[in-house]
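Q: A structural model of the following input is requested.
(one chain, ligands or ions: 2)
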Amino acid sequence: MIKNKSTIKTNQELDNEEIALSVKNISKIYKKNNKDYVALEDVSFDVRKGEIFGVVGESGSGKSTLAKQITRLETPNNGQIIVNNRDITNLKGREIRNIYKDIQMVFQDPIGSFDPRLTIGKSIDELLKNNKVPKEMRRKKTIELLELVGLDEQYIDKYPREMSGGQCQRAAIAKALSTEPSILICDEITSALDVSIQGQVISLLKKLREHNKMTYLFVCHDLALVELICDNIIVLNKGNIVESGDAKEIINNPMHPYTKLLVSSIFPISDEKWSIPDIVTDEVENNNCCKFYNRCKLRSDNCKNTKPQLKNVGKNHFVKCHNI
Ligand SMILES: Nc1ncnc2c1ncn2[C@@H]1O[C@H](COP(=O)(O)OP(=O)(O)OP(=O)(O)O)[C@@H](O)[C@H]1O
Ligand SMILES: [Mg+2]
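A: Ligands and ions are numbered 1, 2, ... in the order given. This next block holds a predicted model:
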């Protein structure tokens, strides 16, 4: 049945059982040169079950930091991470290992996902063993997983160094899928791949979404790809969400000056309305200052002294800017 458009909920209107991942007011502070550096500031969003949710932003904007908090490789300073209605923010040790049945991650550097001393088959076998899959079933299951990502049986005996980046990336996805997670966090998984291999990986993600209702958090630089495959996105600038909502709407009609800058660097823009901010100053920021102030053409005094809040600017489109 095709849903009437007016009955389709935005992610802000979802019921708890429709939400796979809920990130609530997450902050992460690192020490940099002995000073506190806010890598994520009060980041909140919901991801619905079965969606591909994009995270975009410049290098250093906090995308991988976000992925590391969600997968509990790190612990956030503030906020909550809720996976399938379970708060995982303060879990420790063995409890954290248990969440990896539900949530798995694949990173940009696929070779780094494997122990170089183990064959691909052995790496996957270890994970299956940890998940109590009986010995006699593990080889068959490993072959099935490799076939799912388009690698035949011979790859079971290969070491990561004997494989190309694309093959290794697909093997990393196979390994992540071995625990049958419901959520897969993908951090720039296609950026090291040829376009044709990239296409294969994307088809695979879509296939798994259709068959297993997998949910994805898809961190990606490539806005054309994000527009093509993501349902909703957030745009990060210096650890802050500046724009969020429907992926196609935001990429075709970016409103925040920072998002316009990101989009215009990918797609050629001729229209006046896309005019790009082009100033950079070194003014000292106070805590309330908009994080884009120093680069923004639209800025006013208000931007310096009052934190902007996300506001609704259309059906499923939110922007954090005083001047929009
Ligand atoms: N362990 C750490 N200690 C100190 N600073 C860190 C640490 N990890 C990340 N940072 C800083 O946090 C900021 C965000 O980094 P992050 O890796 O999340 O960016 P990113 O958006 O993933 O960038 P890229 O697109 O280049 O992968 C950067 O300024 C980075 O230097
Ligand atoms: Mg990163």
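
Q: does the residue in the stretch 201-324 of the chain that ligand 1 sits nearest to fall in a helix, a strand, or a coil region?
A: Using C-beta to the nearest ligand atom, the single residue of the stretch 201-324 of the chain nearest to ligand 1 is residue 221, 6.2 Å away. Where you see a C-beta, it was placed from the backbone N, CA and C, and this is true even at glycine. Assigned by DSSP: H, G, I helix; E, B strand; the rest coil, the conformation of residue 221 is coil.

Q: residue 184 too?
A: Residue 184 - assigned by three-state DSSP - is strand.

Q: how many neighbours does it have?
A: Residue 184 has 22 neighbouring residues, counting by other C-beta atoms under 10 Å.

Q: in the helix or strand of the chain with the lowest mean pLDDT, which residues are buried?
A: Every helix and strand of the chain was ranked by mean pLDDT, DSSP states H and E. The lowest is helix 195-212, at a mean of 83. In terms of neighbour count (16 or more other C-beta atoms under 10 Å), helix 195-212 has its buried residues at 197, 198, 200, 201, 202, 204, 205, 208, 209.

Q: isn't the second one up against residue 190?
A: In this case it means residue 198. Yes - at 4.4 Å, residue 198 counts as touching residue 190 under the criterion of C-beta atoms under 8 Å.

Q: so what sits against both of those two?
A: residue 225 (C-beta atoms under 8 Å, 6 or more residues apart in numbering).

Q: near ligand 2, which residues of the stretch 101-250 of the chain?
A: Remark: no part of the stretch 101-250 of the chain is in contact with ligand 2, using C-beta under 5 Å from the ion.

Q: strands of the stretch 101-250 of the chain, start to end?
A: Remark: strands assigned in the stretch 101-250 of the chain by DSSP state E, counting those that start in this stretch are 103-106, 183-187, 215-219, 232-237, 240-246.

Q: would CSV of the ones you listed with distance to residue 252 and mean pLDDT be doable?
A: Shown next, in CSV, are the strands of the stretch 101-250 of the chain (distance: least, C-beta to C-beta, whole Å; pLDDT from 0 to 100):
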stretch, distance to residue 252, mean pLDDT
strand 103-106, 28, 94
strand 183-187, 23, 95
strand 215-219, 18, 96
strand 232-237, 12, 97
strand 240-246, 9, 97
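
Q: closest point of the stretch 51-200 of the chain to ligand 2, which residue?
A: residue 64 (3.1 Å; C-beta to the ion).

Q: got the contact list for that residue?
A: Counted by C-beta under 8 Å, 6+ apart, residue 64 has contacts 187, 188, 219.

Q: next one: residue 139
A: Contacts for residue 139 (C-beta under 8 Å, 6+ apart) come out as 121, 125, 156.

Q: the nearest residue to the first one once chain neighbours are set aside - how many residues pack around it?
A: Yep, that's residue 121 we're talking about. Using C-beta to C-beta, 6 or more residues apart in numbering and skipping residues adjacent in sequence, the residue nearest residue 121 is residue 156, 3.4 Å away. Residue 156 has 19 neighbours, counted by other C-beta under 10 Å.

Q: same thing with residue 17?
A: 8.

Q: touching, it and residue 48? I think so.
A: No - using C-beta under 8 Å as the test, residue 17 is too far from residue 48 to be in contact (10.3 Å).

Q: backbone dihedrals for the residue of the stretch 201-324 of the chain closest to ligand 1, please?
A: Phi and psi for residue 221, reported as degrees, to the nearest 10, are phi -80, psi -30.

Q: help me confirm that it comes into contact with residue 56.
A: Yes - between residue 221 and residue 56 there is a contact under C-beta under 8 Å: 7.3 Å.

Q: where does pLDDT dip in the chain?
A: Within the chain, the stretches with pLDDT under 70 are 1-8, 267-285.

Q: write out the residues of it neighbouring ligand 1.
A: Within the chain, the residues that sit near ligand 1 (C-beta under 6 Å from any ligand atom) are 30, 32, 37, 39, 57, 59, 60, 61, 62, 63, 64, 65.

Q: residues near residue 312, how many?
A: Residue 312: 12 neighbours (other C-beta under 10 Å).

Q: go on, residue 154?
A: Residue 154 has 9 neighbouring residues, counting by other C-beta under 10 Å.

Q: for stretch 117-132, which outside residues touch it?
A: Contacts for stretch 117-132 (C-beta under 8 Å, 6+ apart): 97, 101, 114-115, 135, 138-139, 141-142, 145-146, 155-160, 163, 171, 174-175, 178-179.

Q: count of residues packed around the closest residue to residue 179 other than its chain neighbours?
A: Leaving aside its sequence neighbours, residue 179 sits nearest to residue 101 (C-beta to C-beta, 6+ apart; 4.9 Å). Neighbour count of residue 101, defined by other C-beta under 10 Å: 13.

Q: the residue of the chain most remote from its centre and residue 128: what is the separation?
A: The centre of the chain is farthest from one residue, residue 136, which by C-alpha atoms, centre = their mean lies 35.5 Å away. Distance, residue 136 to residue 128, by C-beta to C-beta, to the nearest Å: 12 Å.
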